[in-house]
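> turn this into a model:
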Amino acid sequence: MSVKNPVDEEVKRASIAQIVTTCVIGAIIRCCLSFSKYQSIIANHVEISTPLNSWKRVSEGLYLLSNNINPYSGDLLHETPFSLYIYRNVLRLFQGRIEYMFATVDVLTGMILFFSAKKYVEESYKEEIVNRHQYAKDVSSYLLKPDKIFLSPYYVLLAYLFNPFTVLSCVGYSTTVFHNFFLSAMLFSMVHGIAVICGIFLAICASISFYPFVLIVPGFLYFKNVHRSVVKALVSLKTFLAVSVLIVVMCTNYGKDFSYLSNVYGCILTVPDLQPNTGLFWYFFTEMFDHFRELFIFAFQINASVLYLIPLSIKFRKQPFLLTVAILTIISIFKSYPSIGDVGFILSLLPCFRHLFRCSQQGFLVGVIMLISTSLAPILWYLWIYCNSANANFYFGVTLAFAIAQIFLLTDILFAQVKREFVLKNGTEKKVDGEESLLYLE
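Got it, this is the predicted structure:
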């Protein structure tokens with residue numbers, strides 16, 4: 001007969017109260033900003049609102065749809081009919097209170113990420129316990145500590161709920177909030193081994209933003225290598241394909257109307273709207289000669305989707321969660337219409353890799369670049385558009401620095417993983433043939 005430890009019960013209750021308090025504070029911050037006079041200012045910033053995630057466009061699309069007018073007859077709306085169906089029903093659930101709808105969905109995303117991170121960290125710790133006999137003797141400081149298992153997921157919750165990028169996206173009514181929710185649900189089902197749900201939410205994510213379809217590879221690897229189940233891996237793949245086909249059938253009104261394809265996926269792939277954003281497409285294709293446009297469209301889109309997929313999947317096939325975060329980072333850097341909400345989602349997952357921080361080297365540099373570029377972006381936009389004392393080069397310089405910071409962050413985390421694996425296998429000794437040596441990335 002087992003006896004519960006009263007101390008453990010107190011710690012558990014304190015932890016639950018801490019999580020609930022954090023979520024309530026995060027919701028209050030979002031609601032207060034949404035009801036403030038700054039909401040419209042935030043919603044109009046190009047770093048937050050893009051042609052693909054603007055709630056104003058969704059509102060107009062819903063209005064046209066309610067009046068039996070095809071919302072895809074012009075170039076206003078770039079959301080799928082399936083997305084409109086979701087927004088309309090969720091909006092009815094909240095009786096039209098947009099502020100509460102976005103705040104609730106965003107807080108739910110934070111909670112789902114918390115439980116996803118908790119499961120991932122616990123599984124990583126168990127795997128290290130099993131493989132500890134294979135490690136060198138002097139690497140105890142590099143191993144996961146059981147007293148930090150709860151802290152990492154809680155830091156994920158904090159990083160999402162109080163990240164300025166995610167807060168501003170929520171207050172600006174960016175539909176990236178819903179996309180982040182579906183991504184978090186996909187991650188949750190992936191780490192918990194629920195193959196069918198993982199395939200469903202991945203199909204929803206791919207139908208909204210197109211680029212996440214490449215996540216089927218790390219999802220397949222997670223079920224195969226972590227859950228040790230080829231059956232679940234195949235189920236997730238088949239579910240993804242089946243649900244994707246079903247969504248397309250529903251969006252085309254059972255094969256009768258394909259007008260949305262050019263407005264949604266055509267806009268993502270061909271980039272007709274060159275409104276400035278935090279990405280790299282808009283400036284390049286503003287300056288590009290038209291007869292070279294198709295060539296560089298193909299080059300940019302391959303770079304944003306499948307170019308890095310195979311080499312990264314081969315190298316990090318045993319760390320599919322890290323592979324997932326790496327692919328999401330690449331997508332947020334190189335996609336055609338990115339926003340700071342995409343970056344905020346990725347930054348909130350970094351506490352899952354706290355054990356890699358001691359092997360990383362670019363943390364301070366990345367933080368400084370992100371802070372400076374984020375602060376300068378709205379200033380240079382104002383000088384360019386409203387004061388005419390700057391030009392597009394100034395603003396693009398900031399977005400380029402922001403992209404470089406993300407690239408440094410990604411390469412630093414991946415190299416930290418490689419370095420930690422090397423240390424665990426070979427020990428902390430840095431001498432080769434009796435001389436001091438350095439491990440560096442070529």
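> where's residue 24 relative to residue 161, distance?
Residue 24 sits at a distance of 10 Å from residue 161 (criterion: CB to CB, to the nearest Å). In short, each C-beta sits where N, CA and C put it, glycine included.
> neighbour count for those two, which is higher?
residue 161 (26 against 12; other CB atoms under 10 Å).
> wait, doesn't the more buried one sit right on residue 22?
Yes. Using CB atoms under 8 Å, residue 161 and residue 22 qualify as a contacting pair, with a distance of 6.3 Å.
> hey, what's in contact with both of these two?
Between them, residue 161 and residue 22 share no contacting residue under CB atoms under 8 Å, 6 or more residues apart in numbering.
> for the stretch 201-350 of the chain, which spans come out with low pLDDT?
Of all residues in the stretch 201-350 of the chain, those with pLDDT under 70 make up the ranges 254-256.
> please, where are all the helices along it?
Under the criterion DSSP state H, counting those that start in this stretch, helices of the stretch 201-350 of the chain are mapped to 216-221, 230-251, 260-270, 281-287, 293-304, 309-315, 320-334, 340-348.
> tell me the most buried of those?
Mean neighbour count, computed with mean count of other CB atoms under 10 Å, is highest for helix 340-348 among these, reaching a mean of 26.
> redo the helices of the stretch 201-350 of the chain as JSON lines? Include distance to residue 92.
Putting these into JSON lines (distance: least, CB to CB, whole Å) gives the following:
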{"stretch": "helix 216-221", "distance to residue 92": "32"}
{"stretch": "helix 230-251", "distance to residue 92": "19"}
{"stretch": "helix 260-270", "distance to residue 92": "22"}
{"stretch": "helix 281-287", "distance to residue 92": "35"}
{"stretch": "helix 293-304", "distance to residue 92": "35"}
{"stretch": "helix 309-315", "distance to residue 92": "39"}
{"stretch": "helix 320-334", "distance to residue 92": "31"}
{"stretch": "helix 340-348", "distance to residue 92": "24"}
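> determine which of those helices approaches residue 98 most closely.
Evaluated over the helices of the stretch 201-350 of the chain, closeness to residue 98 peaks at helix 340-348, with 16.1 Å, by CB to CB.
> alpha carbons of the closest one, in PDB - could you do that?
Output for helix 340-348, consisting of C-alpha atoms alone and laid out as PDB, is shown next (Å, rounded to 0.1, in the frame of the first residue of the first chain):
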ATOM      1  CA  ILE A 340       6.600  38.600 -35.200                       C
ATOM      2  CA  GLY A 341       4.000  36.200 -33.900                       C
ATOM      3  CA  ASP A 342       5.800  33.300 -35.700                       C
ATOM      4  CA  VAL A 343       9.100  34.300 -34.000                       C
ATOM      5  CA  GLY A 344       7.400  34.600 -30.600                       C
ATOM      6  CA  PHE A 345       6.100  31.000 -30.900                       C
ATOM      7  CA  ILE A 346       9.600  29.700 -31.600                       C
ATOM      8  CA  LEU A 347      11.300  31.700 -28.800                       C
ATOM      9  CA  SER A 348       8.800  30.300 -26.300                       C
END
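> return the distance of it from the chain's centre.
5 Å (CA atoms, centre = their mean, to the nearest Å).
> got the contact list for the helix or strand that that helix is followed by?
Secondary structure here is assigned by DSSP states H and E; on that basis, the next helix or strand after helix 340-348 toward the C-terminus is helix 363-385. With contacts defined as CB under 8 Å, 6+ apart, helix 363-385 is touched by 45-47, 164, 276, 278, 340, 357, 389-392, 394-395, 397-399, 401-402, 404-405, 408-409, 412.
> which of the residues you listed are buried?
Members of those that pass the buried threshold by neighbour count (16 or more other CB atoms under 10 Å) are listed as 46-47, 276, 278, 340, 390, 394-395, 398-399, 401-402, 404-405, 408-409, 412.
> test my guess that residue 98 contacts residue 55.
Yes. Contact status for residue 98 versus residue 55: in contact at 7.4 Å, counting by CB under 8 Å.
> okay, these two: which has more neighbours?
residue 55 (18 against 14).
> show me what contacts residue 82?
Applying CB under 8 Å, 6+ apart to residue 82 gives the contacts 204, 207, 247, 250-251.
> am I right that it sits in a helix?
Yes. Under the criterion used here (DSSP: H, G, I helix; E, B strand; the rest coil), residue 82 sits inside a helix.
> separation between it and residue 262?
Taking CB to CB as the criterion, residue 82 is separated from residue 262 by 16 Å.
> do residue 73 as well
Separation of residue 73 from residue 262 (CB to CB): 11 Å.
> then residue 181?
Spatial separation of residue 181 from residue 262 under the definition CB to CB is 27 Å.
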